[in-house]
Structures are given as structure tokens and as C-alpha cells.
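Output the structure for:
(chains A and B)
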Protein chains: 2
Amino acid sequence: MTQFMDVHHGMKGITADQLKQAHQADVDIETEEGVRFEKVWADPQSGTVYCLSDAPSAEAVQRIHGRTGHQADEIHSVPLTA
Amino acid sequence: MTQFMDVHHGMKGITADQLKQAHQADVDIETEEGVRFEKVWADPQSGTVYCLSDAPSAEAVQRIHGRTGHQADEIHSVPLTA
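Sure, this is the predicted structure:
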């Protein structure tokens, strides 16, 4: 398992409820791809969402996001933390 | 206090030690601007670093990063989390 940070653009004006619902939709099916979504952060002003996960691959993360209707614009493995 | 996610590009090949040292340099002086750096994640392959903090403003975050020699390329307030 590797940690991934994925980024979604174009989410201007996203509300706390919309973020929660989108995140919950991902969490609901995450085990089907062996993914564990840890946390999401959103900047409604610029429309940027950051999503941290543990997953077997970037493709697995993207498959979940795709199925729930919000494909990521970037997915980076982030093996280093401090 | 607001939560901020800042992003650094151009850090290709960054090592675990370099990330720790850079983060520690920020932490060492963070209180001078009322900032609390929570966590950093790095993708050495694309050279992207994500840095999560609690701070009074984006400018306060940038002043710390500037003084320690690694100015952020983007700083987003992320008031929403899930």
C-alpha cells in the first residue's frame, strides 16, 4: 500500500455537505479496489480539493473516483512524509 | 486560525532526510508567525510537496517558507474537510 494525494480542480463553490457526500460515496465503495480514503480538504474559492488515500495504485484510486463521478485531475504517490 | 494546504513544485528527487530537514526548519520558527505546520507529503518523482498547516493567513505561511528557503508555489486555504 502506498499513500496518494490526488487533486481535483474546478470545484468552485463546493459546500461542506457536498464535500462530505462526495467523500462518503468514495468511502462506500473503496474496499472494492482495496483503497482507504483518509481525508479530504477543500478550497471552495479556487475550487481545489485534495484527497489523501492509501491504495495499491493510482489507477485504483482513479477507478473509485471515476465511478463516483469525480475523476481526479492529478494523482501523486507521496511515499515521503514528515 | 485557518487550515492551509500549500504546494511546492520542482522538488524532484527530494529524499526523506531532506524533507524532514526542510519541515523541521519551518517548525523551528513557526511560532514567530503564529503558524503550526501539521504534516508534509512528498512525491519525489514529480517533485511535488504538499504541506498542511494551521495559520492566521496564507502570508504568514509564506513568510516562514520564504525565510527557510523554500517558498510555496501555491497556498490554498482549505476551510472544508471530511
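
Wasn't A:H65 part of a helix?
Yes: secondary structure of A:H65 (DSSP: H, G, I helix; E, B strand; the rest coil): part of a helix.

Count the neighbours of it for me.
23 (other Cβ atoms under 10 Å in any protein chain shown). Every C-beta, even on glycine, is put in place using the N, C-alpha and C of the backbone.

pretty sure it contacts A:Q71?
Yes: at 5.3 Å, A:H65 counts as touching A:Q71 under the criterion of Cβ atoms under 8 Å.

And the residue nearest the centre of chain A, how close does it get to chain B?
Nearest to the centroid of the C-alpha atoms of chain A, with distances taken as Cα atoms, centre = their mean, sits A:C51, at 3.7 Å. The gap separating A:C51 from chain B is 10 Å, by Cβ to the nearest Cβ, to the nearest Å.

Can you verify my assumption that that residue contacts A:D6?
Yes: the pair A:C51 and A:D6 qualifies as a contact (Cβ under 8 Å) at a distance of 4.8 Å.

which parts of chain A sit against chain B?
A:3, A:5, A:14-16, A:19-20, A:22-24, A:39-46, A:48, A:50, A:52, A:76-82 (Cβ under 8 Å from any Cβ of the partner chain).

In ChimeraX, select just the buried ones from these.
To isolate the buried ones among the residues of chain A next to chain B in ChimeraX, judged by 16 or more other Cβ atoms under 10 Å in any protein chain shown, type:
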select /A:3,5,14,19,22,23,40,41,42,43,44,48,50,52,76,77,78,80,82
